[in-house]
Every structure is written in C-alpha cells, then in structure tokens.
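Visitor: Dropping a prediction and its sequence here:
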Amino acid sequence: MDKSVSQQKLKTEGIEDTLTREGFVARAVQKLVDGAEALNLKHSAVGNPPVFETDAFPWAREVEAEWHLIREELDKVLVRKGDLPAFHEISAEVRSISSDSNWKTFFLCGYGITSENAIAQCPETWRILQKIPGLKSAMFSIFEPGKHLPAHRGPYNGVLRFHLGLIVPPEPDKIAIRVDDQVCHWEEGKALIFDDAYEHEAWNHSDKVRVVLFVDFEKPLNFPARLTNKAVLNMAVFTPFIREGYKAHKKWEKLFYGEGSKHR
C-alpha cells in the first residue's frame, strides 16, 4: 500500500474513533441531564410553576430594596452602550434566537467564570448579588427598541431565572415577556422570577431601551435532586458553549478595558 494512502487511512480512522468517542460522551451526558431534570421536577422545594411569587424567595425583596444602587452603576455602564457586545457575540448558544445587535449584555459572572473588570466597575451590584443563594450567572440584559426574542426554552430545568427591572418604559402594551401561557410585565425595582425551561418569549416594541438585571440561580431542591443538580451545574463550565463564551468575552474585554482586563 502506498505510504501516503496508508497515512490517510490511519488519519481517517482516527477521526472516526474520535467522533465515536465524542458521540458516546454526548449521549452519556444527555442521559445524565435527562435523569437530573426528572429528579428536579419530582423533588422541587418550591413547586414547578412557570412564574413564581416573589415572596417565595425572601432574598428577592432584599435585592429589590437596593435596586437604586444597581441602577446607578448601570447608568455608568450605559455611557458606553454602543461598545457593549451583542449577546450572540458572546454566547453561541443564543445565535439560534438572536443574531442582531439589539440584544446587548454586560456580563458579571457565569457558571464559575467572573469578570473582575465588571465587578470593579459595579461593586454595589456585585455585593447585592451575593444575597442570591446558588447564584450561577449575572449580567445586565439590554433590549434595544424593537427587539423581539422569539419563543424558546432554556436547556436545563435546574436553574430559575431572576429579572430585576432597571430601565422599563411604562408601556406594558409594548414591553413584556410571555412564560408558558402567562404574559408578565417588568417594573423598575421589581423582581420577576420564572422557570426558563418553559417556553418563553420577550419583546420591546417601544422606541426606548429596556434593561433588566438578568440572573440564573440554582432551583431550590430537596435531597437527592439537590446533589445531582449541583453536579450537573458544576460540569457546565467545561462545556463548549461556556468555554467559547469565555474566550469571546475575554477578547471583547481587551478592547473595552485594554490589555489589562481580567477574568477569573
């Protein structure tokens, strides 16, 4: 057999072996996630509604009480709104639902990765975020005028989503979020807590900007789901979506803050 043909055959077999292993790992991980999701539904400590009562989470009222401090830091961030990244530029996961520049983000932390620059710029926001048990990710989510995020579902039901209204034009007929069959409206200084594993969509059909503090936190669960959920969430930092997002955000930070930008 010609040497070049032999080498090509070995290379092809190696690629096939790699793809087989990757496929096996992907199926095993998906099986683990599916099992964890079933446990999460069965052992939820707060039930499984699409939208939660704010008082089901006592810390939410504490965050609301200091919302003006967060708003003050947001206002300083928005001085450079034009330099902020579109969400899909940081997270490949959202490209299937948003590919324009009308959904911008300012990232503080996500699944084990934090931005020291953002935290230094928003220290009060970071302090207040520590009130949230099981905090997994936090950012400012900015909807430009006309933005409509189509119906979609989150990838995993082991987290809940917390929105704190920071800039919300008083036009509820034009600005809202639908979770399952409930249409909800943001209010400045008010929390909205929902399960993003339900189908949801959001829109800003006004001519003004809408901004919320966007947080994912661990869903309160009873044993044994609490343990398996933590294991699944701790694996997230090793997934391609998180690692690619980290690299993209680090690259953006170098442009925004300069070469001395820091992550941890």
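Guide: Perfect, thanks for sending it.
Visitor: Pull out the C-alpha coordinates of stretch 95-106 and format them as PDB.
Guide: The C-alpha atoms that make up stretch 95-106 are tabulated as PDB, following Å, rounded to 0.1, in the frame of the first residue of the first chain:
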ATOM      1  CA  ARG A  95     -27.500  32.500  17.900                       C
ATOM      2  CA  SER A  96     -30.500  30.400  17.000                       C
ATOM      3  CA  ILE A  97     -32.800  33.000  18.600                       C
ATOM      4  CA  SER A  98     -30.900  36.300  18.200                       C
ATOM      5  CA  SER A  99     -28.400  37.400  15.600                       C
ATOM      6  CA  ASP A 100     -28.700  41.200  15.600                       C
ATOM      7  CA  SER A 101     -27.200  43.900  17.700                       C
ATOM      8  CA  ASN A 102     -30.400  44.800  19.500                       C
ATOM      9  CA  TRP A 103     -29.800  42.500  22.500                       C
ATOM     10  CA  LYS A 104     -26.700  43.700  24.300                       C
ATOM     11  CA  THR A 105     -25.200  42.400  27.500                       C
ATOM     12  CA  PHE A 106     -22.800  43.400  30.300                       C
END
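Visitor: Which of the residues in that stretch are classified as buried?
Guide: Of all the residues in stretch 95-106, those buried under the rule 16 or more other Cβ atoms under 10 Å are 98, 102, 103, 104, 105, 106. In short, each C-beta sits where N, CA and C put it, glycine included.
Visitor: what about that stretch, distance to the chain center?
Guide: Relative to the centre of its chain, stretch 95-106 is centred 12 Å away, using Cα atoms, centre = their mean, to the nearest Å.
Visitor: quick one on the thing from earlier: now, the buried residues of stretch 95-106 that are in strands?
Guide: With strands identified by DSSP state E, the entries of the buried residues of stretch 95-106 that belong to them are 103, 104, 105, 106.
Visitor: contacting residues for the last one?
Guide: In this case it means residue 106. Applying Cβ atoms under 8 Å, 6 or more residues apart in numbering, we find residue 106 in contact with 77, 84, 118, 139, 140, 142.
Visitor: same thing with the first one?
Guide: Remark: with contacts taken as Cβ under 8 Å, 6+ apart, residue 103 is in contact with 86, 87, 88, 94, 141, 142, 143, 144, 147, 149.
Visitor: Out of these, the closest to residue 54 would be?
Guide: When the contacts of residue 103 are compared for distance to residue 54 (Cβ to Cβ), residue 141 wins out at 18.5 Å.
Visitor: circling back to that earlier point, could I get the buried residues of stretch 95-106 as CSV with pLDDT and distance to residue 206?
Guide: Supplementary listing: the buried residues of stretch 95-106 in CSV, determined by pLDDT from 0 to 100; distance: Cβ to Cβ, whole Å:
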residue, pLDDT, distance to residue 206
98, 96, 18
102, 97, 12
103, 98, 15
104, 98, 16
105, 97, 20
106, 98, 21
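Visitor: Adding distance to residue 50 as columns, could you present those in a markdown table?
Guide: Rendered in a markdown table, the data for the buried residues of stretch 95-106 read as follows (distance: Cβ to Cβ, whole Å):
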| residue | distance to residue 50 |
| --- | --- |
| 98 | 21 |
| 102 | 25 |
| 103 | 22 |
| 104 | 26 |
| 105 | 24 |
| 106 | 27 |
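Visitor: And the furthest pair within those residues?
Guide: 98 and 106 (15.9 Å).
Visitor: returning to what we had before: and the contacts of residue 103, which two are the farthest apart?
Guide: 94 and 144 (15.1 Å).
Visitor: which of the buried residues of stretch 95-106 lies closest to residue 62?
Guide: Sorting those by how near they are to residue 62, with Cβ to Cβ, puts residue 106 at the top with 22.3 Å.
Visitor: Let me know the distance separating that closest one from residue 52.
Guide: Taking Cβ to Cβ, to the nearest Å as the measure, residue 106 falls 25 Å from residue 52.
Visitor: show me the contacts for residue 85.
Guide: Shown in contact with residue 85 (Cβ under 8 Å, 6+ apart): 104, 105, 248, 249, 252.
Visitor: That'll do, ta.
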